[in-house]
Structure formats: structure tokens, C-alpha cells
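> Let's see this in three dimensions:
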Amino acid sequence: MEPVILQSSHASEVASLWLSGVKENALAEESYVPRFSQDQYAATIAAQLESGAILGWGIVLPSSLRMAAYLTAELKESAPEFAQRKFLYLNDLDVHHGERRKGLATILVETAKRYAQESGLSSIEVSWASADVRASAFWHAQGFGQYLSRGRLSAKVFARDA
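Residues are numbered from 1 along each chain as shown. Sure thing, here's the model as predicted:
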């Protein structure tokens, strides 16, 4: 399957996949309870794709002509005090529940890797919740390793200590 470049016309399908994915994440981490409706998020995604603030790729199933998976990313500049050149930051990757374990996410990540290489970017970065065993296994299988660690102290913990 050959990924398509995401256009603003794909925003509603991307938002639908995003909403189902983020609801799954919210079961494990309440910080990920969505604040936006599907329509609000679709409008945001459409505007970002239209302006070039984000880019991405999707996989549309020929049998149904529906979006089965997508990956969004953005080009980032490093902080001026560091030598790193422009890099690709992967924002979001979602695969329709019924299409998982078919290699679609890997196809999208490989597409992002090719894009970064062809564009002369210095690296690709992605973040995932370390407690998410599936996400950790997936990203490690894609060749990503630990680069930075980010800690969190939730309001429940520091309010209890006060």
C-alpha cells in the first residue's frame, strides 16, 4: 500500500481516527481525555495541513476508500544554542482498530524516514508514554531509542503532599 500525502480534505477522517485512539489512551492516562470534538479537531487539522504547520501521510484502503491509518509530523528547528539541524517530529500515529497488526504503522514510519532522508533532516523524534508497553515495543522495533526522559508529577501527588 502506498501512503498518500495528507491534505486538508482528509482532516475529518484523521480526526475520527485520532478521537478513537485518544479515547483508548485516556483509559490508561486521564491526561489524554479529549477536550475537542471530532469536528473541532478536524477543523484544527485542516487548518494546520493547509498552512503547512504540519505534514503527514495516510493509508486509504482501496476496498472502502476510507482512511485506515495516518501519521502527522512537523518540521522543527532546534533551540539556537544547540548544533542540531532541522528535524522531523512525529506528532501522532493512529491506525483504525480493525486494521491493526497489518504493518500500516510501519509503512507510515518508513515513509517519514524516507521523507527525512530526502529532505536532509538531522533526525526524527517521537514521544510516547513509557508506561504504554505496546507503544514502547512498536517504537523500539522501528529503530527509535531513548533520547530524552520526561518526568511527570501529577496534581494528585503534589496536592496530597501539601
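
> In the chain, where is pLDDT below threshold?
For the chain, the stretches with pLDDT under 70 are 23, 25-34, 84, 156-162.

> how about residue 120, secondary structure?
Following DSSP: H, G, I helix; E, B strand; the rest coil, the label given to residue 120 is coil.

> residues contacting it?
The contact partners of residue 120, taken as Cβ atoms under 8 Å, 6 or more residues apart in numbering, are residue 85. In short, each C-beta sits where N, CA and C put it, glycine included.

> Now it. Its backbone dihedrals?
When read as degrees, to the nearest 10, the backbone of residue 120 gives phi 70, psi 30.

> where exactly do the strands run in this structure?
Assignment of strands within the chain using DSSP state E yields the ranges 4-5, 55-60, 67-76, 87-95, 124-126.

> List the neighbouring strands of the first one plus their orientation.
If I follow you right, that is strand 4-5. strand 55-60 (antiparallel) (DSSP bridges).

> still on that earlier bit, wait, which of the strands of the chain is closest to residue 18?
Residue 18 lies closest to strand 87-95 among the strands of the chain, at 5.7 Å (Cβ to Cβ).

> on that earlier part again, and the strands of the chain: which comes nearest residue 144?
Per Cβ to Cβ, nearest to residue 144 of these: strand 124-126, 6.0 Å.

> which strands and helices sit next to that closest one?
Applying 3 or more Cβ pairs under 8 Å, 6 or more residues apart in numbering; DSSP states H and E, one finds that strand 124-126 contacts strand 87-95, helix 104-118.

> switch the cut-off to 10 Å
In terms of contacts (3 or more Cβ pairs under 10 Å, 6 or more residues apart in numbering; DSSP states H and E), strand 124-126 is packed against strand 67-76, strand 87-95, helix 104-118.

> Out of the ones you listed, indicate the one that is most buried.
strand 67-76 (a mean of 22; mean count of other Cβ atoms under 10 Å).

> Alpha carbons of it, as PDB, please.
Written as PDB, here are the backbone C-alpha positions of strand 67-76 (Å, rounded to 0.1, in the frame of the first residue of the first chain):
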ATOM      1  CA  MET A  67      -8.500   6.200   5.900                       C
ATOM      2  CA  ALA A  68      -7.100   3.200   7.700                       C
ATOM      3  CA  ALA A  69      -4.100   4.900   9.300                       C
ATOM      4  CA  TYR A  70      -2.300   8.200   9.400                       C
ATOM      5  CA  LEU A  71       0.900   9.900  10.700                       C
ATOM      6  CA  THR A  72       1.200  13.600  11.300                       C
ATOM      7  CA  ALA A  73       4.500  15.400  11.800                       C
ATOM      8  CA  GLU A  74       6.100  18.800  11.800                       C
ATOM      9  CA  LEU A  75       9.500  20.200  10.900                       C
ATOM     10  CA  LYS A  76      11.300  21.600  13.900                       C
END
